[in-house]
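Undergrad: coords below, sequence missing:
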C-alpha cells in the first residue's frame, strides 16, 4: 500500500493506493512516481500532480472543490534523466465529491493492460457479485455506479439486480426487477435512466414488457412486442431502436421504437431479413447497422441499415464469414464498422458453438446507403464468440468468450485501429482474465477502465455461472 498526503488552500487529500486483493506491494513493481489526475465537467482542464513514492506530502495548489470528479492514479517507472516514465500500474474512481471529502480516499491500482479482481477500496480484499449470472445486462449510471440486471443463474432466470460502486470497489444488492428476465437488453438513456427490454422469463417464453430504472427503483413494466436475443440501440435524439430477436417460436423481422419522452413504444421499420443474436451499431443520427446473426435455420452473413426516420431498412453488403454473437464497433472518424469474431455455426447452445477469428470492415464513409465491404483478411489471435467487449482508446477490447466447442476462454486481445481499420494492430493483453467466461458483460467506467461482470464457464459441457468480477486496467 502507498499512502500519499497532499494539501492545498483549505483542503487536504489523503490517498491510500492499494494493490488488488491485498497482493504484492506496489513498490515491488518498479514504481518511482505516482501521478494524480483529476477531471470534472467543472474544470476547464484536468488537474495533475506528480509525487515521488518516497514523498510524504505534495501540493494541490490549483485544484478546485469539484463535486463530480474522476480521480486517476498512474504509478510510473523512472524515465530518462530521472523523470517519470511509462505507467506500470494504474487505477481510477469516479465520481467523487471533493467538496465533502473528510476521509481518506482508497484507490486500487493494478498492472496496466491487464485484468485485476475487483477489490474493496476500504480493506483491499477481493470483492465479487452476490449472484453469478450470464446473458445479463450492465449499464453505467449517471453517478458512476454500474447496474447489473437479471440474466441466467445456475438455478434459472434471475429477477434480482446488483449495483457496483467504483468508489468502494464493492457490489451491493439492488432493487428487484418487476419481472425476472435473461437475454434481454439494457440501454442507458440520455437522462441517465436505464431501459430494460424483453428477454426470456421464468416460463421460458419471450417477454412482452419493458421497465425503466430511475437510479433507485424500477417502474411498473409496460407492454411491447415479445422479443429476446434482440438488439437495442440508442439514437442521437434519445429514442431506442429494438430490432429483431425471437419470440420463443420464430426469429423476428420486426422492430420497435421506444420514446423516453412519452414512455411509449411504437412499431418501427420491417427488417429485410429476420435475425436474432446479431450485432448493431449506430452509424448516423437515426440509422442503425444490423450485422449477421441467426435466422430460423442458418447463421447470417447479411447486413442491413435501419433508417428510423425514413421508415425503411436498406440491404447492406454481405460479410465473407457468416456469424452470430459477434463483437462490433463504429469508428466514426473513419466511417468504418468493424465486426470481429462470433459463431460461424448454428447450434442450440452457445457452449457448443464453433467460433471464428475473422475481422471484417464495412465502409460507410460516404453514406450507409452506399456501404461496401472494405476488407475481410484481418484475424484475431484467437477465435472468440459471445465474448465481452468494450471500446477503449484507439480501438476495442475483446475478452473471453467461446473459443472452440465446449471451451470457454480466458484470453483477451486489444485491437488498435489508429493506423487503419483494415490493418488493426492486434495484441494479447499482458494478463488474461482470471476466470474463463462467455455471455458476460463489460462496461466502461468513468475512469476509462473496464468492468467485466458475470458470464458462464463450461464444465462437462454445461454452463456454470461466474460471480467473480474483474477490471481491465487501460494504459495511461
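TA: Now that the structure is in, tell me what you want to look at. Note that the structure is predicted; figures quoted are calculated from it, not measured.

Undergrad: ok, residue 416 touching residue 392?
TA: No: at 9.1 Å, residue 416 does not count as touching residue 392 under the criterion of CB atoms under 8 Å. To be clear about C-beta, it is placed using only N, CA and C from the backbone, and glycine gets the same treatment.

Undergrad: the more surrounded of these two?
TA: Counted by other CB atoms under 10 Å, residue 416 and residue 392 do not tie: residue 392 has more neighbours, with 20 against 14.

Undergrad: kindly list the longest strand within this structure.
TA: strand 84-96 (DSSP state E).

Undergrad: what are the contacting residues of the very next helix or strand once past that strand?
TA: Counting by DSSP states H and E, the element after strand 84-96 in chain order, helix or strand, is strand 105-108. With contacts defined as CB atoms under 8 Å, 6 or more residues apart in numbering, strand 105-108 is touched by 13-20, 71, 73, 91-93, 96, 116, 119, 121-122, 124, 169, 471.

Undergrad: avg pLDDT for strand 105-108?
TA: Summarised as a single mean, pLDDT over strand 105-108 is 88.

Undergrad: try stretch 69-77
TA: Stretch 69-77 shows a mean pLDDT of 93.

Undergrad: just the terminal-to-terminal distance for stretch 126-134.
TA: This stretch, stretch 126-134, spans 20 Å end to end (CA to CA, to the nearest Å).

Undergrad: list of residues touching that stretch?
TA: 20-21, 117-120, 148, 150-154, 158, 160, 162, 169-173, 437-440, 453-456, 463-469.

Undergrad: buried sites along that stretch?
TA: Under the neighbour-count criterion of 16 or more other CB atoms under 10 Å, stretch 126-134 has 126-129, 131-134 buried.

Undergrad: among those residues, which pair sits farthest apart?
TA: 126 and 134 (20.2 Å; CB to CB).

Undergrad: whichever of the contacts of strand 105-108 end up buried, select them in ChimeraX.
TA: Per 16+ other CB under 10 Å, the buried members of the contacts of strand 105-108 correspond to this ChimeraX selection:
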select :13,15,16,17,18,19,20,71,73,91,92,93,96,116,119,121,124,169,471
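
Undergrad: could you point out where the stretch 51-200 of the chain is predicted with low confidence?
TA: Applying pLDDT under 70 to the stretch 51-200 of the chain flags residues 55-62, 102-103.

Undergrad: if you set the cut-off to 80 instead, what comes out?
TA: Applying pLDDT under 80 to the stretch 51-200 of the chain flags residues 53-65, 99-104.

Undergrad: what ranges does the stretch 251-400 of the chain have for its strands?
TA: With DSSP state E, counting those that start in this stretch applied, the stretch 251-400 of the chain shows strands at 255-259, 264-267, 279-284, 287-291, 303-307, 312-315, 327-331, 336-340, 358-363, 372-379, 388-392, 395-399, listed in chain order.

Undergrad: quickly run through the sheet partners of the first one, with directions.
TA: Partners of strand 255-259 in the sheet, by DSSP bridges, are strand 240-243 (antiparallel), strand 264-267 (antiparallel).

Undergrad: which other residues reach that strand?
TA: Among residues not part of strand 255-259, those counted as contacts by CB under 8 Å, 6+ apart are 195, 197, 210, 224-225, 227, 239-244, 264-271, 306, 308.

Undergrad: cool, the fourth one as well?
TA: Contacting residues not belonging to strand 287-291 are listed as 231, 233, 235, 241, 243-244, 271, 275, 278-283, 303-308, 316, 319, 326, 328, 330, 337, 339, 362, 364, 368, 371 [CB under 8 Å, 6+ apart].

Undergrad: same thing with the fifth one?
TA: Under the contact criterion CB under 8 Å, 6+ apart, strand 303-307 has outside partners 241, 243, 255, 268-269, 271-273, 283-284, 286-292, 312-319, 362, 368-369, 371.

Undergrad: which among these count as buried?
TA: Neighbour-count burial (16+ other CB under 10 Å) applied to these gives 241, 243, 255, 268-269, 271-273, 283-284, 286-292, 313-314, 316-317, 319, 362, 368, 371.

Undergrad: what's the neighbour count on residue 224?
TA: The burial count for residue 224: 17, using other CB under 10 Å.

Undergrad: any idea how far the residue of the chain positioned farthest from its centre lies from residue 54?
TA: Ranked by distance from the centre of the chain (CA atoms, centre = their mean), the top residue is residue 81, with 39.1 Å. Applying CB to CB, to the nearest Å, the value for residue 81 to residue 54 is 18 Å.

Undergrad: okay, and residue 464 sits in which element?
TA: Here residue 464 sits within strand 462-465, counting by DSSP H and E.

Undergrad: who does that strand touch, helix- and strand-wise?
TA: Contact partners of strand 462-465 among helices and strands, from 3 or more CB pairs under 8 Å, 6 or more residues apart in numbering; DSSP states H and E: strand 152-153, strand 456-459.

Undergrad: residues making contact with the very next helix or strand once past the first one?
TA: Of the helices and strands lying after strand 152-153 in sequence (DSSP H and E), the nearest is strand 156-157. Under the criterion CB under 8 Å, 6+ apart, residues 150-151, 180-182, 200-202 lie in contact with strand 156-157.

Undergrad: could I get these as TSV with distance to residue 448 and neighbour count?
TA: Formatted as TSV, those follow (distance: CB to CB, whole Å; neighbours: other CB atoms under 10 Å):
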residue	distance to residue 448	neighbour count
150	26	27
151	25	32
180	33	22
181	30	32
182	29	26
200	33	24
201	36	22
202	37	14
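
Undergrad: quick revisit: for the strands paired with strand 255-259, which one ends up most surrounded?
TA: strand 240-243 (a mean of 26; mean count of other CB atoms under 10 Å).

Undergrad: what is the rounded mean pLDDT of it?
TA: Mean predicted lDDT for strand 240-243 stands at 99.

Undergrad: list the buried ones in stretch 46-54?
TA: 47, 49, 51.

Undergrad: quick one: pLDDT of the first one?
TA: Spelled out, it's residue 47. 89.
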